[in-house]
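Enquirer: Quick one, what's the 3D model for this:
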Amino acid sequence: MARTGRPLVVGLCLVVLLGAAVRIALHDPTSEPVSGDQASFVYQALSLQGGNLSYDEADQARWLELGWADQPHGLFLQARDDGWAFAKPLGYSVLLAPAMAVFGAHGVTVVGAALLLAYAACWYAIARRRWDAVTSLAVATAASVASHAWLYGFPAHADLFVAVLVGIAALAATQVAWPRSDAGTTRAVDPWLVTAAVACALLITEKPPALVAVGPLVALAALRRPWASRLVAGGIAALVLAVSVAPYLYYSDGASWSAYGGDRYYALPNTPWSGGTEADLTPWRTRESLSPGHVLESIVDPSGDIPGAAITYAVGRHTGVLTFQPVVMALLVGAGSAGIVAWRRHRRGEGVPLLAVLAAGGLAAYAGLYVVAFTDNYFGGGQSIGSRYFLQVSVVAAVVAVASPLTAQAARWCAAFAAAWALVVLHPHLRSPEEAFFRIDRTSAVQRVLPFETTQVHSWRFSCEPGTCVPPELEALG
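Expert: The predicted structure follows:
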């Protein structure tokens, strides 16, 4: 890149990235209808402000003070011996609670803006392992703004939080597995290995399947350190895990170590402590459907249109990786092509092939898990702009690209392609990002050429304006 062009690229990227974060922070989340899992995460944060995670009239009073809606529509909750309690992963709500105590409802978007910048920082830091600062910033900006990642900063949803956890784990593992020097390789306490282990411990309760994508990188990092370092990192991670599972065990009366194994319900109209009765609740038995045994059975004996689901997972109109994260698809294709060329020429290149293969294998295994085990809902179901499940592990693609022989120039072309694609394909969402999470029915002309997700049980949501849709069954509302 010409020396005179570098300041322009840096300035443009910073304006776009910081402008996107500011636009999130200034947005009032209560200006859009309650949808998706927003009620669950916000209600958990409000309950934490009250000093516990049991739901009662005081939590409802705090909810009404937000001026968002008269009821927490779509709230997930679980029954316990003395009443009702939370039933969604807790980490994101822990961040929301103090932010909302200070900024009120705007705390949601303040946290969203911070998470978007953290997500971009993970991309940038990983890219800097081999590429120059300008290339790294361009790729990070494309991943964060020329994609649906930006759109997830506006609603009260945990997907960016999980993505940042995965990004931290991937970055820390890469620092260990691909060191710049041999310094510190024999230390008993390796801060990077500890960081990766702690992030994985938190993912066990926040999003266990994400470990399929990032786990191989962390395993390689552990193998690159002596036993003492592994034991210290594992011990600290075990302590973090014990602390993180404690609330789930306590509020499920010992029935579950996660948010999904208790006696769960879905509150569509009212809750028992806000004018409704238990008859208003819909049982939501994820204890069986999300159990390891059920998932393993689905893998061993799959059903559904797996080829069709695989196609739309990659290039689907409403859920495709190419559609909503073009820089990821471009980098993966570029990394694969560069790797094949390097292999055919019998040269190693500048990357770290084993690291790239493990990262690519983790992403492929993660995608395969959802396509095979959750063929009719691989993207997040209900209210989801693009595949929020893939967004959660998308940072691993940065490791694939950087550890491959892909050049910095090629990476810049990938970022440019992503920007152009976003302008042409995602403009209905990027033009009004505040509404994108609610108006998932909006599509561009190019989007409508891509294959429709007929394999997805929630695809009815893509075909009608929110508020006018008639669901085929109540289960589709989850």
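Enquirer: Strands of this structure, residue ranges please.
Expert: Assigned by DSSP state E, the chain shows strands spanning 54-55, 75-80, 83-86, 263-267, 281-283.
Enquirer: Return the distance of the helix ranked longest in the chain from the chain's centre.
Expert: Criterion DSSP state H: the longest helix present in the chain is helix 227-251. Mean-position distance between helix 227-251 and its chain equals 22 Å (Cα atoms, centre = their mean, to the nearest Å).
Enquirer: Contacts for it, please.
Expert: The contact list for helix 227-251 (Cβ atoms under 8 Å, 6 or more residues apart in numbering) reads 53-54, 78, 80, 85-86, 90-91, 187-190, 193-194, 196-198, 200-202, 204-205, 222, 225, 256-259, 261-262. Any C-beta I mention is one placed from the backbone N, CA and C, and that applies to glycine too.
Enquirer: For burial, what's the neighbour tally of the residue lying closest to Pro209 once chain neighbours are set aside?
Expert: Leaving aside its sequence neighbours, Pro209 sits nearest to Leu369 (Cβ to Cβ, 6 or more residues apart in numbering; 6.1 Å). Counted with other Cβ atoms under 10 Å, the neighbours of Leu369 add up to 18.
Enquirer: Correct me if wrong: Leu369 contacts Leu296.
Expert: No - in this structure Leu369 lies outside contact range of Leu296 using Cβ atoms under 8 Å: 10.7 Å.
Enquirer: Would you enumerate the residues in contact with the closest residue to Leu14 other than its chain neighbours?
Expert: Nearest residue to Leu14 in three dimensions, chain neighbours excluded: Leu137, at 7.6 Å (Cβ to Cβ, 6+ apart). Residues in contact with Leu137, defined by Cβ under 8 Å, 6+ apart, are Val9, Val10, Cys13, Leu14, Tyr124.
Enquirer: got the contact list for the residue nearest to the first one when sequence neighbours are not counted?
Expert: Which is Val9. Spatial nearest neighbour of Val9, excluding adjacent residues (Cβ to Cβ, 6+ apart): Val134 at 5.5 Å. In this structure, Val134 makes contact with Met1, Arg6, Val9, Val10, Arg412, judged by Cβ under 8 Å, 6+ apart.
Enquirer: do Pro353 as well
Expert: Gly339, Ala403, Ser404.
Enquirer: Can you tell me which of those is closest to Leu332?
Expert: Nearest to Leu332 among those is Ser404, at 9.3 Å by Cβ to Cβ.
Enquirer: re earlier: any chance of TSV for the contacts of Pro353, columns neighbour count and distance to Leu358?
Expert: Listed next are the contacts of Pro353 as TSV, based on neighbours: other Cβ atoms under 10 Å; distance: Cβ to Cβ, whole Å:
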residue	neighbour count	distance to Leu358
Gly339	21	13
Ala403	29	9
Ser404	29	12
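Enquirer: so of these, which ones are in helices?
Expert: Using DSSP H, the contacts of Pro353 in helices are Gly339, Ala403.
Enquirer: so where do the helices sit in the stretch 151-300 of the chain?
Expert: In the stretch 151-300 of the chain, helices defined by DSSP state H, counting those that start in this stretch lie at 159-177, 191-206, 210-223, 227-251, 286-289, 292-300, listed in chain order.
Enquirer: Domains in this structure, by residue range?
Expert: Taking automatic domain parsing as the domain assignment, the ranges for the chain are 32-88+263-286, 89-258+291-469.
Enquirer: and the residue positioned nearest the centre of the chain, what are its phi and psi?
Expert: Closest residue to the average C-alpha location of the chain: Gln392 at 2.3 Å, with Cα atoms, centre = their mean. According to degrees, to the nearest 10, the main-chain angles of Gln392 amount to phi -60, psi -20.
Enquirer: Roughly how far does it sit from Leu406?
Expert: Distance, Gln392 to Leu406, by Cβ to Cβ, to the nearest Å: 23 Å.
Enquirer: Same question for Val352.
Expert: 12 Å.
Enquirer: neighbour count winner among the two?
Expert: The residue with more neighbours, out of Val352 and Leu406, is Leu406; 28 against 22, by other Cβ under 10 Å.
Enquirer: So that one sits against Gly336, correct?
Expert: No - assessed by Cβ under 8 Å, Leu406 is found out of contact with Gly336, at 9.1 Å.
Enquirer: In contact with Val218, which residues?
Expert: By Cβ under 8 Å, 6+ apart, Val218 lies in contact with Ala169, Ala173, Ala196, Ala197, Cys200.
Enquirer: What count of nearby residues applies to the third one?
Expert: With neighbours defined by other Cβ under 10 Å, the count for Ala196 comes to 29.
Enquirer: How about it, nearest residue that isn't a chain neighbour?
Expert: Ala196 sits nearest to Ala172 (Cβ to Cβ, 6+ apart), 3.8 Å away.
Enquirer: What's the local residue count around that neighbour?
Expert: By other Cβ under 10 Å, 27 other residues sit near Ala172.
Enquirer: Tell me who's in contact with it.
Expert: Shown in contact with Ala172 (Cβ under 8 Å, 6+ apart): Trp192, Leu193, Thr195, Ala196, Ala199, Ala221.
Enquirer: about what we covered before: next, the angle helix 191-206 makes with the longest helix of the chain.
Expert: Relative orientation of helix 227-251 versus helix 191-206 (axes from the mean of the first three to the mean of the last three Cα atoms, to 10 degrees): 20 degrees.
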